[in-house]
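Undergrad: Next come a sequence and a model predicted from it.
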Amino acid sequence: MESDETVQAASHPSRTASREIRAEAVEQVVPPRSDGARVDCALVDAFIAHLEELSVTTIFGVPGGLLHPFFDAVERQALMRLMVTKNEAGAAFMADGYARTSHTLGVCAATSGPGATNLITGVGVAFSDGVPLLVLTGQAASDNIGRGAVQESGPHGIDIVSMFEPVTKYSAAVERPERFLHHLRRALRRALTGRPGPVHLNVPVDFWAEQITYEPLDLERYQPSMAVFDPLAVDEATAALQAARRPLILAGGGVRVGRAQEALARLVARTGARVVTTPRGKGVFAEDHPRWFGVCGYGGHESAARLVLGDQPDVLLAVGASLNETTTFGWSPDLMPSEAFIHVDIDPERIGRSYPVDIGLVGDAATILDAICDGLDAAAGRLRREPVWSDDPGGLVEQSASRQLSLCLPDEVGLTPEQWRADLSAVLPDDAIIFSDVGGHMLFNIHHLRIGADQDFVLNLGFGSMGHGTAAPIGAALAEPDRPVVAIIGDACFTMNGMELLVAVEHDIPVIWIVENNQMHGISWHVSKMISGRPLEAIANDKPVAVADIGRALGLNTYVVEGRGQIQRPLLEALEHPGPTLIDVRVDPTVPPPMEGRAKAIGGFR
Ligand SMILES: Cc1ncc(C[n+]2csc(CCOP(=O)(O)OP(=O)(O)O)c2C)c(N)n1
Ligand SMILES: [Mg+2]
C-alpha cells in the first residue's frame, strides 16, 4: 500500500488578474430584476436569470467560438460556477450527476459541430434514465447560416438539432432572439414535467447579446403540478393491498427519480410487503432491512428471482420500474401474481407494455404511494387479512440476499472482487453516494454492495454507457458537498473517460475513485469465454496500464490495494482529504462476475 501527496499545480499566472476583472464586471451584467416587472436586458442575462430561479449554480461545458458570448457571461456571474471539462461527454455526464443528486436541472453546453456530437452519449444516458438536463449548443451567426459557415448546423449541413431529437424531449433551433424565451420555457416545462429528461436548444452566436424583453416568472407559473392521480384506481390498489396476504413490491429507479423512498418504506411498514429492486432501483429500499430480498436482473440475487417467479406473491406492486427484459427474466409469465398486479409509473407508455395490469396508476410515485398509505390508514379499523409472509414454508428468508451478503468469504489466492467489497462495506459512510460505472465491476457492485437507508447508489443501466460512473460523481459532489461521493469503476472505464478526474483535481472536489483493476474488459472477456468457449484476446492488456501512476500524474491522492484488509485505511484517509483520491485495487481477473443472465441474453438462448 502506498500513499502520495496531491501534486499541487502552480496557479496560472493570469488567473488571479482575470478573477479581479471578473469581480468588477459582475455588477454590470446581473440582469435588472424589479419584482416581476418587465425589463429589457441582454438575452444571455435573461437566460441566466432563469437558471437562478431554478437554483442552478453550476454549468458544465467546453467553450468554443460559437458559444463564446454565453461562456463569457456565465464566467462574469458571481453566483454561477463554470466547470470546464476535458471532453463534452464529461460535461453531459457531470450535469447528469448534478441533476440526479440535487433533484434540480443539470445544465451543459458545447459549441456547435464536434462539441455538440461529443455531448450526445451523455444526453442519451439522461434520456434513458429520466434525468432533467438543459443542453445548449452553439450555432453560426444568424446571417451566416446556410452559407457554409464554420461548424454551422442545419439541414444543409450536419444537423445538430435533428441529432438531438431522438435523445431529448425537445430539440429546437432558436430562430429569432425574441422567440428565445418561448423555446426556453417550453424546454424547461418538458424537462421537468412528467418523466423528466433532457432538452436541447441551439442558439446562434449573435443572439446572446441581443436585447429582449424579460419578465421574471416563477417556474410554477409555466409548469403544471404533477401531484395528480386517479383516486378510484388508488382506492382499488388500496383494497387489493389490504386484502393481500403475501404482497410483494418491485421497486425501480423511478422511486429515486420521484424521491419516493420514504413513501415506499411507509407502504412496506403498513402492508408487511416484501421488497425486491431492479438494478437501477438498488438502494431505494434499505438493503439491511429484513424485508429486502435482493435485486432482480443483471447481477441480482437468487432469492429475488425465486420470490418474484415463485407462486407465493398474491399481489405484486411494481413502482418506477419499466419491467424490461433483464428485470423480468426475459418477460417470464411466472412473474404474474395470483390475485392482482398493480403498476405505478409516471410514464403511461410503460404501463401494460410488458404485462397486462389489473390496476395501472399513472403519476408521481411518492404522491401515489402516500395516497395508498393514507387509504390503508383510513381503513385500518376495518377487516383486513394479516400478511402471512412470516410463515413462509419455502425458506426464502434464510436465503435472502441480506443474509447471503453477510456470509464469510473464503480467503483465495489474489484479492477477489467480493473480498475488497466486504472490506469496503465496513468503512463506507452511512450517507455515502456510491456511483458504479459499467462493466463486470457493476455486476459485482449490484451483487455484493449492501446499500443502507441513507446511502444512494447510482447506475446508468438504461443506456449503459461506460464513463458515466467515472465523470458524473464530480457533478454529484458539487451538488451535495456535505456527502461523501465514492465511484467504483473499471480500469477500462478509467482509461476511456479518466481525464475528467483533472476537473476534480483543479477544483479540489473530493470524489473517491476506486478503480477495480483487472487489466482488461473483464465483463466482455468472461462473457465471450462463456458464449464461444474462447475469450476475446484483444481486450486483455498485453502491457499493463499503470492506473496508480496515471492517477498520481493527474494530481490525485493515490493508493494501491492488493490484498485483504488494505482498503479501509486509504478510504478513511480519503474521506479526510480535501481533494480527490484514486484507489487502484488490483484484483484476480479470473473471478467471473455474476453475469449468467447477461451471457444468455447475448448468446440468444435461455
Ligand atoms: C461507451 C461504451 N462503450 C462500450 C461499451 C461496452 N462495454 C461494456 S463494459 C465494457 C468493458 C468494461 O471494462 P472495465 O471498465 O475494465 O470493467 P470490468 O468489466 O473489467 O469490470 C465494454 C467495452 C459500453 N457499455 N459503453
Ligand atoms: Mg477491467
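TA: Nice, thanks for sending it over. Since this is a predicted model, take the numbers as computed values, not measurements. Numbers count the residues shown, from 1 in each chain. Ligands and ions are numbered 1, 2, ... in the order given.
Undergrad: what's the residue lying closest to Met520 once chain neighbours are set aside sitting at in phi/psi?
TA: Here the nearest residue to Met520 in space, its sequence neighbours aside, is Ala540; by Cβ to Cβ, 6 or more residues apart in numbering that works out to 3.9 Å. Where C-beta positions appear, they are placed from N, C-alpha and C, glycine not excepted. With angles defined as degrees, to the nearest 10, Ala540 sits at phi -100, psi 130.
Undergrad: tell me the contacts of Ala540?
TA: Applying Cβ atoms under 8 Å, 6 or more residues apart in numbering, we find Ala540 in contact with 519-521, 525, 589.
Undergrad: pretty sure Thr558 is touching Pro570, no?
TA: No. In this structure, Thr558 is not within contact of Pro570 by Cβ atoms under 8 Å, at 9.1 Å.
Undergrad: sorry, back to before: can you tell me how far the residue nearest to Met520 sits from ligand 2?
TA: Ala540 sits 9 Å away from ligand 2, going by Cβ to the ion, to the nearest Å.
Undergrad: Quick check: that residue vs ligand 1, distance?
TA: 10 Å (Cβ to the nearest ligand atom, to the nearest Å).
Undergrad: sorry, back to before: now intersect the contacts of Ala540 with the strands, please.
TA: Counting by DSSP state E, no part of the contacts of Ala540 is found in strands.
Undergrad: how about CSV for these, with neighbour count and pLDDT added?
TA: Supplementary listing: these in CSV, determined by neighbours: other Cβ atoms under 10 Å; pLDDT from 0 to 100:
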residue, neighbour count, pLDDT
Gln519, 17, 97
Met520, 23, 97
His521, 23, 97
Trp525, 21, 94
Pro589, 20, 95
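Undergrad: which one among the residues you listed gets closest to Ile212?
TA: His521 (50.1 Å; Cβ to Cβ).
Undergrad: burial of Val315, as a residue count?
TA: 25 (other Cβ atoms under 10 Å).
Undergrad: show me what contacts it?
TA: Per Cβ under 8 Å, 6+ apart, neighbours of Val315: 240-241, 243-244, 246-248, 337, 339-342.
Undergrad: got the residues of the chain near ligand 2?
TA: 490-491, 518, 522 (Cβ under 5 Å from the ion).
Undergrad: and Ile583, how far is that from Val486?
TA: 9 Å (Cβ to Cβ, to the nearest Å).
Undergrad: what does the model give whatever residue of the stretch 1-150 of the chain ends up closest to ligand 2 for pLDDT?
TA: Using Cβ to the ion, the single residue of the stretch 1-150 of the chain nearest to ligand 2 is Phe93, 19.0 Å away. Per-residue confidence (pLDDT) for Phe93: 98.
Undergrad: was I right about it contacting Ala472?
TA: Yes. Between Phe93 and Ala472 there is a contact under Cβ under 8 Å: 4.6 Å.
Undergrad: from the chain, which residue is nearest to ligand 1?
TA: Closest residue of the chain to ligand 1, Cβ to the nearest ligand atom: Gly490 (2.1 Å).
Undergrad: wait, that residue sits on Leu443?
TA: No. Between Gly490 and Leu443 there is no contact under Cβ under 8 Å: 10.7 Å.
Undergrad: Disregarding residues adjacent in the polypeptide, which is nearest to the residue of the stretch 1-150 of the chain closest to ligand 2?
TA: Ala471 is the one closest to Phe93 (Cβ to Cβ, 6+ apart), at 3.8 Å.
Undergrad: where's the one you found relative to Arg100, distance?
TA: As for Ala471, its distance to Arg100 is 13 Å (criterion: Cβ to Cβ).
Undergrad: do the same with Glu88
TA: 19 Å.
Undergrad: residues contacting Val511?
TA: 473-474, 476-477, 485-487, 504, 580-581.
Undergrad: any idea where the helices of the stretch 1-150 of the chain begin and end?
TA: With DSSP state H, counting those that start in this stretch, the ranges of helices along the stretch 1-150 of the chain come out as 15-29, 43-53, 68-76, 88-102, 114-129.
Undergrad: Redo those helices as a markdown table? Include mean neighbour count and distance to ligand 1.
TA: Shown next, in a markdown table, are those (neighbours: other Cβ atoms under 10 Å; distance: least, Cβ to the nearest ligand atom, whole Å):
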| stretch | mean neighbour count | distance to ligand 1 |
| --- | --- | --- |
| helix 15-29 | 11 | 34 |
| helix 43-53 | 21 | 29 |
| helix 68-76 | 20 | 27 |
| helix 88-102 | 30 | 9 |
| helix 114-129 | 24 | 6 |
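Undergrad: okay if I get the ones you listed as TSV plus distance to Val174?
TA: Shown next, in TSV, are these (distance: least, Cβ to Cβ, whole Å):
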stretch	distance to Val174
helix 15-29	20
helix 43-53	9
helix 68-76	12
helix 88-102	20
helix 114-129	14
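Undergrad: weakest of those in terms of mean pLDDT?
TA: helix 15-29 (a mean of 45).
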